[in-house]
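Asker: Give me the fold of what follows.
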Amino acid sequence: MSDRKMNKKTITAIAGGAFALVIIAAALYAYTPLGAEIHQTRGFQYQPWNATWATTHAEKIVIGKVLSVETKIIDESFTSTNTYTGEPLYNEIKTPYQFVTIEVEEYIKDEEGVYSPQLIFRDFGSGFTTIEGKKVIIEVEDQTEYKIGERSLFFIERVDGYLRSQGILYKFAINSDDTVQSTYLEKTGKEPQDLSTFKAEIGEIAQRQVE
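Answerer: The predicted model follows:
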């Protein structure tokens with residue numbers, strides 16, 4: 001289960017695409033005239049940072065450099081059963097993801113043991129698509145920023161078969177003075193941490209996991 005939870009204000013998808021809150025969204029699409037634009041804001045609530053939880057649930061923890069970022073709309077539509085009639089109910093869900101390619105400098109953890117020199121993972125993004133004939137503009141609160149060429153430490157999970165970052169909580173930018181800081185911790189007033197100390201802490205947790 002992801003540490004990042006959907007804010008109650010959101011009107012569609014739960015992280016991972018395995019299930020979606022579609023009742024409000026479906027009503028919104030149904031009563032919006034064709035040609036009109038629908039704006040959605042997807043927000044997240046984060047649990048407090050916990051190094052043990054983050055390390056244990058990550059498939060890969062790496063230091064790497066961002067090579068490219070591309071936003072794609074992924075169709076996560078599914079068919080469920082109408083609770084009242086028992087008939088099939090088609091739920092049209094389309095989600096923008098940022099697809100991030102990084103060049104790996106160092107592996108701190110790799111459960112697969114593959115240690116690929118490059119990784120591609122996804123994270124929630126913003127974009128526009130068409131659902132039920134209506135243009136839908138989707139925006140993400142606190143969208144993770146991936147700058148080309150930046151060097152960061154990434155915690156990467158596997159969700160529904162895909163590698164995925166869990167947003168601003170799990171991307172730690174590496175500063176010029178060899179300290180690390182996530183956007184989330186910076187917003188909560190936390191000071192940057194020494195990179196070597198942080199790596200050692202994460203490495204010890206990862207080692208305990210396999211013992």
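
Asker: which helix is the longest one in this structure?
Answerer: helix 195-210 (DSSP state H).

Asker: helices and strands around that one, which ones?
Answerer: Applying 3 or more C-beta pairs under 8 Å, 6 or more residues apart in numbering; DSSP states H and E, we find helix 195-210 packed against helix 51-57, strand 94-110, strand 151-159, strand 179-182. Heads up, the C-betas are built off the backbone N, CA and C, glycines and all.

Asker: could you redo the last one with a cut-off of 6 Å?
Answerer: Contacts defined by 3 or more C-beta pairs under 6 Å, 6 or more residues apart in numbering; DSSP states H and E place helix 195-210 against helix 51-57, strand 94-110.

Asker: If you count contacts, what does the last one end up packed against?
Answerer: Read that as strand 94-110. The contact analysis (3+ C-beta pairs under 6 Å, 6+ apart) places strand 94-110 against strand 60-75, strand 118-124, helix 195-210.

Asker: What strands flank it, and is each parallel or antiparallel?
Answerer: Here strand 94-110 has these sheet partners by DSSP bridges: strand 60-75 (antiparallel), strand 118-124 (antiparallel).

Asker: how about the CA coordinates for stretch 68-85, as CSV?
Answerer: What follows is stretch 68-85, C-alpha atoms only, in CSV (Å, rounded to 0.1, in the frame of the first residue of the first chain):
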residue,chain,number,x,y,z
SER,A,68,14.4,12.7,-19.6
VAL,A,69,10.8,13.3,-18.5
GLU,A,70,7.8,12.6,-20.7
THR,A,71,4.1,12.9,-19.7
LYS,A,72,1.8,10.2,-21.1
ILE,A,73,-1.9,9.6,-20.6
ILE,A,74,-2.5,6.0,-19.5
ASP,A,75,-5.9,4.3,-20.0
GLU,A,76,-6.7,2.7,-16.6
SER,A,77,-10.4,2.0,-17.5
PHE,A,78,-12.0,-1.1,-16.1
THR,A,79,-15.4,-2.8,-15.9
SER,A,80,-17.1,-3.5,-12.6
THR,A,81,-20.5,-4.8,-11.6
ASN,A,82,-23.5,-2.5,-10.9
THR,A,83,-24.4,-3.0,-7.3
TYR,A,84,-28.1,-2.6,-7.9
THR,A,85,-28.7,-4.2,-11.3
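
Asker: hmm, who's touching stretch 197-211?
Answerer: Defining contact as C-beta atoms under 6 Å, 6 or more residues apart in numbering, one finds that stretch 197-211 is touched by 51, 52, 55, 56, 108, 109, 180.

Asker: okay, now residue 42: neighbour count?
Answerer: Residue 42 is flanked by 21 other residues according to other C-beta atoms under 10 Å.

Asker: I figured it was touching residue 137, is that so?
Answerer: No - the pair residue 42 / residue 137 is not scored as a contact, 11.4 Å apart, by C-beta atoms under 6 Å.

Asker: Could you give me the buried positions within stretch 151-166?
Answerer: 151, 152, 153, 154, 155, 156, 157, 159, 163, 164, 165, 166 (16 or more other C-beta atoms under 10 Å).
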